[in-house]
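S.K.: Here is my input, please return the structure:
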Amino acid sequence: MSEHHSVVIVGGGTGGLTVAARLCASPNPPKVAIIEPSEKHYYQPIWTLVGGGVFPKEISERDEAEFIPNGATWIKDAVASFAPDKNELTTKGGKTITYDQLVIAAGIQLEWGKVKGLEGEVGKNGICSNYSYQTVESTYKALQGFKGGNAVFTHPNTPIKCGGAPQKIMYLAEEFFRKSGVRKQSNLHFYIATPKIFSVPKYADALMNVCAKRGIENHFSQDLVEVRPSSKEAVFRGVLDGSESVVKYDMLHVTPPMGAPTFLKQSGLGNEGGWIEVDKHTLQHVRHENVFALGDCSNLPTSKTGAAIRKQAPAVVENVLALRAGKALTGHYDGYTSCPLVTGYGKLILAEFDYNLVPQESFAFDQSQERYSMYALKAYALPQMYWHGMLRGRL
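M.R.: Now for the predicted structure:
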């Protein structure tokens with residue numbers, strides 16, 4: 001069984017739906033198909049606040065069908081393999097789909113199994129994680145059940161979605177422990193595989209000040225490699241020297257290792273890690289001119305956030321349409337990304353920066369300072385902008 005579409009989009013997440021909506025709203029729109037097996041769509045940035053007990057997880061979930069744009073065909077299937085030299089792909093359901101242009105927006109996958117002893121243990125023995133819809137409620141339960149001791153938070157030695165998220169829940173936890181009366185008998189530790197708390201010096205300095213003020217201890221270049229749930233021990237490996245240390249925990253919030261989706265690792269379109277190789281400004285594939293990629297699955301050297309996709313999607317759409325019209329590619333992405341760093345209930349530092357790690361701030365004040373207004377932006381305004389603006393192709 002074979003079918004042809006002018007533009008095939010692999011992935012119905014943030015990037016795929018935003019690109020599809022913009023293409024379908026363009027003058028003389030091409031025939032667009034979206035390949036996406038899931039019937040549910042999640043607004044994942046809110047999971048930090050779900051884990052902190054601010055919102056129920058259900059507010060993050062919507063039906064995928066609600067956001068398939070008019071004029072697009074939804075192929076409810078998953079990709080099995082690519083044949084870019086033939087401009088075709090095959091699905092797990094057995095379809096062969098050909099295209100004129102291909103846009104890959106397949107996201108990133110969680111790789112729980114890369115930490116020995118972790119798989120199947122989230123939600124038990126003090127282990128929790130905000131990083132999936134299935135596990136996010138475990139974090140608030142862990143906060144409520146915490147009576148003191150070591151609260152350990154991890155950041156792995158892999159690319160991850162929203163690089164600041166592993167520490168956001170830590171700041172909420174510290175404040176929660178103060179309000180629940182257990183802070184004095186609690187120690188908070190952040191084990192982060194990178195040598196700095198944040199890549200942009202301006203925001204890193206602000207976050208280090210927050211940690212110092214709140215009594216949070218940072219352990220840099222340390223990667224979680226094993227958990228021992230029965231004895232409540234976490235094993236960390238030094239990124240620089242390979243040495244291992246065993247840390248006792250009473251609560252352990254794990255940010256799992258992540259990687260390119262398995263089917264992309266086998267696609268022939270990715271680099272050694274499976275990330276789709278594109279030009280960092282045009283988002284056009286480096287070997288196949290009719291292939292584009294954006295979002296978490298790409299090799300773009302910027303943080304993997306929804307805010308980055310909001311700037312990437314217009315460039316992809318502009319360049320796909322230019323290629324179809326036989327024109328030069330003028331769509332340009334400068335590496336902009338944003339990370340709303342929640343530092344407590346009602347407090348947030350809004351980091352915005354480009355490829356050069358230069359702040360690109362939207363507001364006429366110092367965004368490295370904790371503010372309620374920026375917290376309100378994240379908690380209330382950005383979700384509405386996402387559902388009603390971005391996914392509809394309006395932002």
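
S.K.: From now on I want contacts and neighbour counts done on CA atoms only, so please keep to that.
M.R.: OK.

S.K.: Now do the phi/psi pair for Arg394.
M.R.: phi -100, psi -10 (degrees, to the nearest 10).

S.K.: Compute the number of surrounding residues for it.
M.R.: Arg394 has 13 neighbours, counted by other CA atoms under 10 Å.

S.K.: Equivalent analysis for Gly93, please.
M.R.: 12.

S.K.: roughly how far apart are it and Ala21?
M.R.: Computed as CA to CA, to the nearest Å, the Gly93 to Ala21 distance reads 25 Å.

S.K.: Would you mind listing the buried residues in the longest helix seen in the chain?
M.R.: Ranked by number of residues, the top helix in the chain under DSSP state H is helix 306-324. Buried residues in helix 306-324, counted by 16 or more other CA atoms under 10 Å: 306-321, 323.

S.K.: just stretch 321-336 next, same as before
M.R.: 321, 323, 329, 331-336.

S.K.: Also stretch 26-41?
M.R.: 30-37, 41.

S.K.: how near is Lys196 to Gly163?
M.R.: To Gly163, Lys196 is 12 Å away according to CA to CA.

S.K.: Oops, could you answer that again for Glu370 instead?
M.R.: Taken as CA to CA, the span from Glu370 to Gly163 is 18 Å.

S.K.: still on that earlier bit, let me have the buried residues of stretch 26-41 in CSV, extended by pLDDT, secondary structure and distance to Ala206.
M.R.: Formatted as CSV, the buried residues of stretch 26-41 follow (pLDDT from 0 to 100; DSSP: H, G, I helix; E, B strand; the rest coil; distance: CA to CA, whole Å):
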residue, pLDDT, secondary structure, distance to Ala206
Pro30, 98, coil, 47
Lys31, 98, coil, 48
Val32, 98, strand, 44
Ala33, 98, strand, 44
Ile34, 98, strand, 41
Ile35, 98, strand, 42
Glu36, 98, coil, 40
Pro37, 98, coil, 41
His41, 98, strand, 34
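
S.K.: need these in a markdown table with distance to Gly238, can you?
M.R.: Shown next, in a markdown table, are these (distance: CA to CA, whole Å):
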| residue | distance to Gly238 |
| --- | --- |
| Pro30 | 51 |
| Lys31 | 50 |
| Val32 | 47 |
| Ala33 | 45 |
| Ile34 | 42 |
| Ile35 | 40 |
| Glu36 | 38 |
| Pro37 | 38 |
| His41 | 37 |
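
S.K.: In those residues, find the pair that's most separated.
M.R.: Pro30 and His41 (24.2 Å; CA to CA).
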